[in-house]
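> here are the coordinates; sequence isn't available:
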């Protein structure tokens, strides 16, 4: 008899999504590790037990565990079982600042890689209606990593008129908003930031070394100068397993 699509314990119906079942299961198991339900050093349930719990074939469970193995989250030992690897999550977390001064600071130990630099561009999306567009923009794509692990993929649009003095060395050492703040005579009239939660498409997954449809945080930023011009528009895609937002409530 074929296994039922509905899990017996988690109550998740994997058949209701177009995403492959092993990817859905990998996301479920990854979340258990991140939440501490499967803690570091713990032996996780057997393939047979997971197949029974989730109502899927054992081959599907093996595919899902293979995904976690490739991400370095688990290790499998013949005749012993599968164990959760110790994860230094505190060291991996990347704080998304919620104030202007915090956004100017570079992440400790972070490396910035310039992937592309194009002139005469226009943004495909304007996240905040707070100013008028510049005649043209300089579009940069950058990737941030720490200890060899990529955590942020950014698309940046700078008003081309103010980007002429920006060099590759600056692009590989400063945050986007620090680049704006350091322009002589620049006066900021307004700046906005928005965050949404999404899933990694193929391009993002490859750039951040993530599985397809893994959770990501999408951060959009806009900066307007005193003339009302949108001098900067940015989109940052953060790995969902390495991002943290702290907000002081009082």
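Yes, it's here. Because the structure is predicted, anything quoted here is derived from the model rather than measured.
> And the helices in the chain?
Along the chain, counting by DSSP state H, helices occupy 21-34, 47-54, 58-70, 89-92, 100-103, 168-171, 176-181, 202-207.
> possible to save those as JSON lines with distance to residue 193, mean pLDDT and mean neighbour count?
C-beta here means a position set from N, CA and C on the backbone, and glycine is covered the same way. What follows is these, written out as JSON lines (distance: least, Cβ to Cβ, whole Å; pLDDT from 0 to 100; neighbours: other Cβ atoms under 10 Å):
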{"stretch": "helix 21-34", "distance to residue 193": "24", "mean pLDDT": "86", "mean neighbour count": "20"}
{"stretch": "helix 47-54", "distance to residue 193": "38", "mean pLDDT": "94", "mean neighbour count": "17"}
{"stretch": "helix 58-70", "distance to residue 193": "32", "mean pLDDT": "91", "mean neighbour count": "18"}
{"stretch": "helix 89-92", "distance to residue 193": "22", "mean pLDDT": "48", "mean neighbour count": "12"}
{"stretch": "helix 100-103", "distance to residue 193": "8", "mean pLDDT": "69", "mean neighbour count": "14"}
{"stretch": "helix 168-171", "distance to residue 193": "21", "mean pLDDT": "94", "mean neighbour count": "13"}
{"stretch": "helix 176-181", "distance to residue 193": "10", "mean pLDDT": "93", "mean neighbour count": "21"}
{"stretch": "helix 202-207", "distance to residue 193": "20", "mean pLDDT": "92", "mean neighbour count": "14"}
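> and residue 225, how many neighbours?
21 (other Cβ atoms under 10 Å).
> Can you tell me the closest non-neighbouring residue to it?
residue 231 (4.9 Å; Cβ to Cβ, 6 or more residues apart in numbering).
> which residues does residue 81 form a beta bridge with?
Here residue 81 sits in beta bridges with residue 77, as judged by DSSP bridges.
> could you redo the helices of the chain as JSON lines and give each row distance to residue 227?
JSON lines is the format used below for the helices of the chain (distance: least, Cβ to Cβ, whole Å):
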{"stretch": "helix 21-34", "distance to residue 227": "45"}
{"stretch": "helix 47-54", "distance to residue 227": "58"}
{"stretch": "helix 58-70", "distance to residue 227": "50"}
{"stretch": "helix 89-92", "distance to residue 227": "41"}
{"stretch": "helix 100-103", "distance to residue 227": "19"}
{"stretch": "helix 168-171", "distance to residue 227": "23"}
{"stretch": "helix 176-181", "distance to residue 227": "14"}
{"stretch": "helix 202-207", "distance to residue 227": "34"}
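> which stretches of the chain have low pLDDT?
Residue ranges of the chain with pLDDT under 70: 1-19, 87-95, 101-108.
> For the nearest residue in space to residue 223 that is not next to it in sequence, which residues are in contact?
Computed as Cβ to Cβ, 6+ apart, the closest residue to residue 223 that is not its neighbour in sequence is residue 232, at 4.1 Å. The contact partners of residue 232, taken as Cβ atoms under 8 Å, 6 or more residues apart in numbering, are 156-159, 176-177, 180, 221-223.
> Could you let me know which of those residues ends up closest to residue 113?
residue 156 (13.2 Å; Cβ to Cβ).
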